[in-house]
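>>> please work out how this folds:
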Amino acid sequence: MKQRIEIDHIGIATNTLEEGSKFWTILGLQSQGQDDFVEDQGVTTRFFPLSSSDSNPPTIELLEPSGADTPIGKFLVKRGEGIQQLCLSVDNLEQMIAHLITNGIRMIDETPRKGAHDSIIAFVHPKSTGGVLVELKQR
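Numbering: from 1, shown residues only. All right, here's what the predicted structure looks like:
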């Protein structure tokens, strides 16, 4: 199966978007669009594109939990602030999920679901990726 795979974003868990944004703004990045609350994950996201010359550049995604009992809240309690996931964009998400499952890869989401800014996503279990939470996103 041949698909174009690119880094879409790197997700970073932070206690607050304001504190988490400081370094990226000092570095010279500007947040893009509005912060987005993803209800089923209990998280507010903020994106910082890494290039202004590319029409769809990789981004830094900051993730602020709405509470301690959310996935990002639990991550922060267990591991503290830092990289939470790597997101790869794919041409056909459903086809990629089927391909991974057929090849013995453990998925958190066997069916795509809604992500930030109405994107369609699915997570691969870290036990199948060498300990990295990988998010797949429909291009």
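>>> the protein: helices as residue ranges?
Assigned by DSSP state H, the chain shows helices spanning 17-27, 71-79, 93-102.
>>> out of the ones you listed, the one nearest Gln85 is which?
In terms of C-beta to C-beta, the element of the helices of the chain nearest to Gln85 is helix 71-79, at 9.3 Å. C-beta coordinates here come from the backbone N, C-alpha and C atoms, glycine included.
>>> closest one to Pro57 among the helices of the chain?
Using C-beta to C-beta, these put helix 17-27 closest to Pro57, at 13.6 Å.
>>> for the closest one, packing partners?
Identification of packing neighbours for helix 17-27 by 3 or more C-beta pairs under 8 Å, 6 or more residues apart in numbering; DSSP states H and E yields strand 43-49, strand 59-65.
>>> rewinding a little: save the helices of the chain as CSV, and put in mean neighbour count and mean pLDDT too.
Below are these laid out as CSV (neighbours: other C-beta atoms under 10 Å; pLDDT from 0 to 100):
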stretch, mean neighbour count, mean pLDDT
helix 17-27, 13, 97
helix 71-79, 16, 97
helix 93-102, 16, 98
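>>> to Leu50, which of these lies closest?
Per C-beta to C-beta, nearest to Leu50 of the helices of the chain: helix 17-27, 9.7 Å.
>>> coming back round to it: just put the helices of the chain in CSV and tack on distance to Phe123.
Output for these, formatted as CSV (distance: least, C-beta to C-beta, whole Å):
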stretch, distance to Phe123
helix 17-27, 21
helix 71-79, 9
helix 93-102, 10
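>>> to Thr59, which of those lies closest?
helix 17-27 (10.1 Å).
>>> other residues contacting the closest one?
Outside helix 17-27, the residues that touch it by C-beta atoms under 8 Å, 6 or more residues apart in numbering are 12, 14, 31, 35, 44, 46, 48, 60, 62, 64, 81.
>>> can you pull the contacts of the residue lying closest to Val38 once chain neighbours are set aside?
Excluding its sequence neighbours, the residue lying closest to Val38 (C-beta to C-beta, 6 or more residues apart in numbering) is Ala116, at 5.3 Å. Residues in contact with Ala116, defined by C-beta under 8 Å, 6+ apart, are 36, 38, 45, 47, 61.
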